[in-house]
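> Below is the sequence, then the predicted model.
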There are 2 protein chains.
Amino acid sequence: MVEVLKSTFEDYLPLIERSIKSADFIAIDTEFTGLVKSAKERTNLFDTSEERYQKLKKSMSQFTISQLGISTFKRQDKNSYSATTFNFYLYPSSFGPVDVRFLVQASSLQFLCKYDFDFNKFVYEGIPYLNKPQQKAMKNHLHSKALFQAKDRSNDIDERVLQALCFQVAEWLVKTEDDQQAILEVTDEEVPELRFVKSFIVRTELRQRFKNVWINVIEGEQRIIQISKRDEKDINSDTTKEDMDKLYESLKGFSRVFKMLKGGVPIIGHNMFLDLLLIYDKFHKPLPDTFEAFKTEIQAILPVIFDTKHICNSARNEHFRDSGLLENSSLQMLYQSLSSLAGQQFVIDTPSVVHTSDRYKDESRPHEAGFDAYMSGFVFLRLSHMLTFLNVNSTDVRPCPFRRYRTEMAPYKNKINIIRGNVNHVCLDGPDPPSFRPELLYVQSKHQSHDLHLMQLLKWFSRHGTVDVQITDSQRALVAASNYRCSKEILKAFQNHKMITVTKYNKWKHSPVIRRYLWAGAILSGGACVLALLSSRKKD
Amino acid sequence: MVEVLKSTFEDYLPLIERSIKSADFIAIDTEFTGLVKSAKERTNLFDTSEERYQKLKKSMSQFTISQLGISTFKRQDKNSYSATTFNFYLYPSSFGPVDVRFLVQASSLQFLCKYDFDFNKFVYEGIPYLNKPQQKAMKNHLHSKALFQAKDRSNDIDERVLQALCFQVAEWLVKTEDDQQAILEVTDEEVPELRFVKSFIVRTELRQRFKNVWINVIEGEQRIIQISKRDEKDINSDTTKEDMDKLYESLKGFSRVFKMLKGGVPIIGHNMFLDLLLIYDKFHKPLPDTFEAFKTEIQAILPVIFDTKHICNSARNEHFRDSGLLENSSLQMLYQSLSSLAGQQFVIDTPSVVHTSDRYKDESRPHEAGFDAYMSGFVFLRLSHMLTFLNVNSTDVRPCPFRRYRTEMAPYKNKINIIRGNVNHVCLDGPDPPSFRPELLYVQSKHQSHDLHLMQLLKWFSRHGTVDVQITDSQRALVAASNYRCSKEILKAFQNHKMITVTKYNKWKHSPVIRRYLWAGAILSGGACVLALLSSRKKD
């Protein structure tokens, strides 16, 4: 694994590009600053795919990515793959016209604490990024030179530090009046606060104030600013544009890596709906208004996506029920199961995976984005091999090129897992599947004097399985059960209940008002409509 | 200076309490995660005190405090004070019903980077806190034992870790079936993930699962959980309530320190309007709807407040114009100026200040909340001495008890500085002062074909001083100038301008529509009304 920080980003970029361009497939994962913006945006079994998209859009456009993992897999010989994994710390831009506000959910950062997340690397060393509208605003800003007008200076330019530098230069110029060869060198070490001022600004400022000097900035572990009095013709060779381009590229930061991912190489993730929304919003464009529009746009940039949680969930019942290998679809458990001897030998000739660097070789780092990306890619490779040769005589199994897996995995392409929703996955390249959930249940109090209470209903019903309950008014409620067995059991258990009746919900019989309540629920905050749901961590 | 973290908070609490209770006055300062929620909430010269409150309320209820400094000053002998300074890292609660979402402004954390802020201490070691409604919700939650019902478990209880612990206990119980004396000890070191599970939860869970065991939890640098099989009568001595109280107190965290501040000891801050709003919102109650209500409530809990920036600004012109000592009212410059020989000797017998611990003795740590609080307290003491003996013959100057300063400083009491607003301060214990700003200026384009442009107007007008411009439609704009000289100069300079006319704004002549635009400006986002302002850092 390679850890990539703001200070090392440019150095690693060529390696990152090579790894991405030559990969057979690329796994990704993100860690982020929060999950649910407010109770209204909590996900539940009532959610259709459009509703789920709307909720996640509201949350994910507010939260941000703190770490992103990319693990590139490449078949290197007959039956082994190399994995090159990058773990990027990211931090939103604050320069010129872009000063991002992002939301933090206190529990989400506390969750990261359990996995030794380094918040200093996040803020001090996080690589910046800009989506397209931000890129446009930044470009305009740089070209307008607004940076050097009084209005915008205070944010990006530390006036005091620049003043001190200019004073130093002026003093030196007087002292060396006649010496055309003298060079003044100022390093970040001598003036530590200078390290927060970008080269482009230093150079432009000096050039504006001192007409007849030659300025050279040498970037490196330690930056050196050189000033000398040269011939006029030397002075004319203006490098400001070059500096500005460099600054612009460094501000685009990680968005440049995102751009490399475009183009059709399969992108792998585990339970990646959130990840997709986040990377779209932060590196591409603000999330579109409808789920349909999102599908169209994400297909245009990332046309081939596989979600290992979806593959696991749908292949389990069909093919692997007895093996027990896919019992638990959490990424870590799946990785453990498939890297065990049983997982390795389920189908012979399973390809091995070799890390191209040391860090992850003997170490497990769950919830480090790089390691999660790696696990997801590993799981994808194992599942691909298992599914490709599932119905093939073991004498006919043999190492194969990646394109064979890709063909065999086509049924799983662009299907993304949905947790605790009305559907269990969405299709990015076509219509979503019909709901597999049982009909809603309708609860009514038997006595005018007896109001329904959310906690009571949850307690009663959740004995029979996973449910979400929505109180529509003091006498009525709706229940979404996660499966038919649970729904049936509830109907049976409450057949002759003293306090409530439970029936299948009938949208004609049970009044259109109810439906209005149901879909408008999120808007009626503080009103009669209360949504109750069990919280669920994303990476189940 | 004492650094106070989550892990050392309980240990330092007695010292903190002693220092606060015995102090003559207490200086405070906060560092926070952001300043302006969005462009709409930017402050400007148009703001009345009510409008300023509304804007800051919107921002400050979203952002949070990352660090809080308290510096307690006590007169220790004839002419010296001791300063005991605490620097608290704070992090919002995420437990049970409280899971705070807070906003971060990217540039604000970057600003803290310049002063070596430790974000790991913020998240890993930040002391929690709860305001009153949160305290109530937490208390109800703990008493309802909802923590141990399936619904809420997932957030606060790491099921896997508890399962492992219970398994270990069950195994041990079988092994030591006959040995009433045996004790099983489980330490956080053996099961590192246990350290994230609170003692109250461990104990209650074990008690629920194992009916006949005795459980003892020894807290310390390393926690030890002891389990043994004892007599039934021992088992009955239930310590769950004690545990729960302890948990509740630890969740209230810093709010307990805030409570100690109540009661009339003078609270000092520098440019502290934001600080007051933040501590009110986070430790007391959500900010009230009107500024009047805020004044009443803050007076009830903190009746005596002094803002050193206000004192400096209003005393400068009246008394210190020639001394040059108060030229720059930024906290750091003021501290430097007043701790210089000139500052010390401006009035004789100025009391000295002695740190009770080492850290700040020879070190300057601007923008560390503890150090900023200390500087503010120091500045207050110097200003008090200077103002008390300003008109006293130097032969009559002598060391005096603090109450004399307090009496002399009464004119400055409860007056809080306002940056770049329609007024330059607000009064917490009475009506705000009338605006000292010049009347607004009214700008109109002379040619139908010539639209007004914000940047152009700013460029023209700001040559004459600090201004804020508000475009009301393509042909009209309003200008707020910071002082009469600037306003006059603008009127004169644009008397015969080719493109625009500038006149004093007349609310009758210049149409009520304009006024509607002006006050409704914040609402008409994306509409014809654009607010433009120069950004200003809080701690000017």
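Right, received. Where do you want to start?

> What lies in contact with stretch A:121-138?
A:4-7, A:9, A:66-67, A:88-93, A:95-98, A:248, A:250-255, A:258, A:281-286, B:109-110, B:112-113, B:119 (CB atoms under 8 Å, 6 or more residues apart in numbering or on different chains). No exception for glycine: its C-beta is placed from N, CA and C like everyone else's.

> and if we set it to 6 Å?
A:5-6, A:9, A:66, A:88-91, A:93, A:96-98, A:251-255, A:282-285, B:109, B:113, B:119 (CB atoms under 6 Å, 6 or more residues apart in numbering or on different chains).

> now stretch A:69-77
Contact partners of stretch A:69-77, identified using CB under 6 Å, 6+ apart, comprise A:19-20, A:22-29, A:81-87, A:369-370, A:372-374, A:377, A:402.

> Which ones among the contacts of stretch A:121-138 lie within helices?
A:9, A:251-252, A:255, B:109, B:113, B:119 (DSSP state H).

> I'd like to know how far A:Gln168 sits from A:Ser462.
71 Å (CB to CB, to the nearest Å).

> Equivalent analysis for A:Lys211, please.
Relative to A:Ser462, A:Lys211 is positioned 77 Å away (CB to CB).

> Equivalent analysis for A:Ser340, please.
33 Å.

> How about A:Phe320?
29 Å.

> Let me see the backbone angles for A:His470.
Just so we're on the same page, residue A:470 is Gln rather than His. phi -130, psi 110 (degrees, to the nearest 10).

> ok, A:Lys211 and A:Ser462, which is more surrounded?
Taking neighbours as other CB atoms under 10 Å in any protein chain shown, A:Lys211 and A:Ser462 compare with A:Ser462 leading, 19 against 8.

> ok, that one - contacts?
Listed by CB under 6 Å, 6+ apart, A:Ser462 has no contact partners.

> any idea which of the ones in helices among the contacts of stretch A:121-138 is closest to A:Val353?
The nearest member of those to A:Val353, counting by CB to CB, is A:Phe9 at 26.2 Å.

> Leaving out the residues flanking it, which one is nearest to that closest one?
Distances taken as CB to CB, 6 or more residues apart in numbering or on different chains place A:Ile127 nearest to A:Phe9, at 5.0 Å, with adjacent residues excluded.

> Would you enumerate the residues in contact with A:Phe291?
Going by CB under 6 Å, 6+ apart, the list of residues near A:Phe291 reads A:50, A:53.

> Swap in 8 Å and give it another go.
Residues in contact with A:Phe291 (CB under 8 Å, 6+ apart) are A:49-50, A:53-54, A:426.

> From A:Val423, how far out is it?
12 Å.

> anything in contact with each of these two?
Counting by CB under 8 Å, 6+ apart, the contacts common to A:Phe291 and A:Val423 are A:Ser49.

> Just to be sure, which of the contacts of stretch A:69-77 are found in strands?
With strands defined by DSSP state E, the entries of the contacts of stretch A:69-77 inside them are A:25-29, A:81-87.

> so who does A:Gln110 touch?
Residues in contact with A:Gln110 (CB under 8 Å, 6+ apart) are B:94, B:123.

> now A:Leu162
Per CB under 8 Å, 6+ apart, neighbours of A:Leu162: A:197, A:201-202, A:205.

> Go ahead and confirm A:Leu277 touches A:Leu56.
Yes - using CB atoms under 8 Å, A:Leu277 makes contact with A:Leu56 at a distance of 5.5 Å.

> Show me the shaky parts of chain A.
Low-confidence segments of chain A (pLDDT under 70): A:145-159, A:192, A:230-239, A:507-508, A:511-540.

> Which residue, other than its chain neighbours, is closest to A:Val304?
In space, and not counting its chain neighbours, A:Val304 is closest to A:Pro266: 4.5 Å by CB to CB, 6+ apart.

> That neighbour touches A:Phe25, doesn't it?
Yes - A:Pro266 is within contact range of A:Phe25, at 4.2 Å (criterion: CB under 8 Å).
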